[in-house]
Every structure is written in structure tokens, then in C-alpha cells.
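Q: 3D, please:
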Amino acid sequence: MKSLNFAEKVTHLLFIVFSVWWVILYFYYEAGLTQQNLYWAASYQAIALWGGIFGLFSSRRWGGYRSLMGRGIIYFSIGLLLQSFGQSAFSYYTTILGVDIPYPSIADIGYFGSAIFYILGIVSIAKVAGVGVRLQNLGGKALVLLIPVVILIFSYVFFLSSYTFDWSSPLRIFLDFGYPLGEALYVSMAILALILSRNILGGVMKNSLTFLMMALVMQYFAEFNFLYQAANGTWVNGGYGDFLYTSSYFLMAIGLAKIYRALKQLETEGAIRP
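A: Residues are numbered from 1 along each chain as shown. Purely as a prediction, here's the structure:
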């Protein structure tokens, strides 16, 4: 097994610290330390912040915005940073002001914006992998239709089938539909891209891309759980739902770090120039 690079070590360390902290609060104190739970919920975004900053840094080695791969890394990194922005706004209300955050709020710029940039990231990397060419066969066409339809139906049945429209708040209606449907779109695209791009660059990128797509699937479940708990009044700051977000940030940050390692491997093998 190859040794971890610096970015992977930092990411693992952050995840271990926040995981141990969460386990102590959630299981040992049975989520009874409300203020400490808020501090933890406000802090674990450090994983997303680190992953986003490192991703932007490493994208320059792939040619930055001038290359499809560099552009995809930039989009994923901005997505992580937008998640951090949304969480900072959320924590400002809950931890500093001590009030429930309004909906919609400035936090939704980060949360909803991240979904847009994740979709852009998937599209860029899918182009590198030549996914469009592979979809020319019948099986590819079946996949591209079946996966999004199944996930969209699943999201609609859970969140929108009995929706009551309040036209006095059109932005709220937009977000109520945009969140579940947008997330269903990016997770279905992620699954499809993973299936069709496993041999990108001779398979060197398979491991890192798997982590990126796993991160998107994990974040979909985190968002799904948040929407479900919020609708039923059972969401708790610092609860298991927040740990799902922690795990998704970790997977995304590790994926970006492993992409950087893959680049170094390709440079060493002479496949690409430094």
C-alpha cells in the first residue's frame, strides 16, 4: 500500500479528530451537551474548507481552468467551499445568535450553489473520460435514462408528492423543489459517470474518482436525511445527520487529494509533463 501524501494525512487527521469528538458527545453524553454540540457542528466544516483550498491549489498542476480535469477539480473545490460558507452562515444563527436560522437565508447560497458546482464538476470529468462516446451504445443510453428517473421519482415521492404551494414566497417554492431534484440530478450523474469512467487515464484515476462519486452519494443521503428530519421536526444540530455531512466532506477531500497523487504518479511515469 502506498504511503499517504501530505493532503491525505491532514484529511485523515481532521476526520479522526471530529469523529472522536462527535462519538464522545453523541454516545457518552447522549447528545445532552447542547452548546458543545453546536460548537462541534460549527467546526467540522474545517474538513470541507481544507479540501476546497487544497483542491484549488492542486488544480493548477492539471492546467487549472484551461484543462477539463483542472476545471473539474476547481468546480468540486468550489462546491466544498460553498458548503463551508453555508455552514458558517447556519452556525452564525444557531451558535452565536442562538436562534433558528430563517428559510430561505444566505446559507442557501452556499448549500444550493454547491449542487450546481458539483454538477459542473461531474460534467467536466465525464468529458475527460469520454462518457459521451460510451453512451452511443444502447446500454449506455438505458443507463443515462434509468438512473436519473429512478432517483428523481424517489425524491419526488418523499418530498413533493403532497406539496402545498405558498405563492407568497416564490423563492421558498424554488428551493423546496430545487434541493431534492438538484441533488437527485447530481447523484444520478455521479453514479453514471463512475460506471462509465473507471478506466480514465489507464485506470490511474479510478481510486480517486471513486472517492469523489462516493462523496456525492453520501452527501445526497445527508441532504435527504436533513430534508426528512427538518420536515418532521427531528433535526438536531450535532446529531447523526451532521456526521453524514462530515463523512461526505471527508470523502470529497480525500478524492481531491488522491487526484493530486495520481497526477504525481503520471508525472513520474512520464505520461504527462510536470
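
Q: which stretch of helix or strand covers residue 82?
A: Using DSSP states H and E, residue 82 maps to helix 68-91.

Q: thought residue 76 was touching residue 121, still the case?
A: Yes. Residue 121 lies in contact with residue 76 (CB atoms under 8 Å); the separation is 4.1 Å. Glycine gets a C-beta too; all of them are placed from N, C-alpha and C.

Q: so where's the stretch 151-274 of the chain uncertain?
A: 159-161, 194-205, 264-274 (pLDDT under 70).

Q: in the longest helix seen in the chain, which residues are buried?
A: For the chain, the longest helix by residue count, based on DSSP state H, is helix 240-269. Neighbour counts over helix 240-269 (16 or more other CB atoms under 10 Å) mark 241-263, 266 as buried.

Q: what separates it from the chain centre, distance-wise?
A: Centroid separation for helix 240-269 versus its chain: 11 Å, with CA atoms, centre = their mean, to the nearest Å.

Q: now for it, which elements pack on it?
A: Packing partners of helix 240-269 (3 or more CB pairs under 8 Å, 6 or more residues apart in numbering; DSSP states H and E): helix 6-23, helix 46-59, helix 68-91, helix 206-232.

Q: of those helices, which is nearest residue 188?
A: Closest to residue 188 of the helices and strands packed on helix 240-269, according to CB to CB: helix 206-232, at 9.1 Å.

Q: pretty sure residue 256 contacts residue 55?
A: Yes. Applying CB under 8 Å, one finds residue 256 in contact with residue 55, separated by 4.1 Å.

Q: which neighbours do those two have in common?
A: 73, 76, 77 (CB atoms under 8 Å, 6 or more residues apart in numbering).

Q: dihedrals phi and psi, the closest residue to residue 18 other than its chain neighbours?
A: Spatial nearest neighbour of residue 18, excluding adjacent residues (CB to CB, 6 or more residues apart in numbering): residue 44 at 4.5 Å. Dihedral pair for residue 44: phi -70, psi -10, per degrees, to the nearest 10.

Q: give me the pLDDT for the nearest residue to residue 12 once chain neighbours are set aside.
A: Closest residue to residue 12 apart from its sequence neighbours, by CB to CB, 6+ apart: residue 4 at 6.9 Å. Per-residue confidence (pLDDT) for residue 4: 70.

Q: wait, isn't residue 4 in contact with residue 254?
A: No. The pair residue 4 and residue 254 fails to qualify as a contact (CB under 8 Å) at a distance of 9.5 Å.

Q: what sits in contact with each of those two?
A: residue 12.

Q: quick one: low-confidence ranges for the stretch 1-150 of the chain?
A: 1-3, 30-33, 129-145, 147-148.
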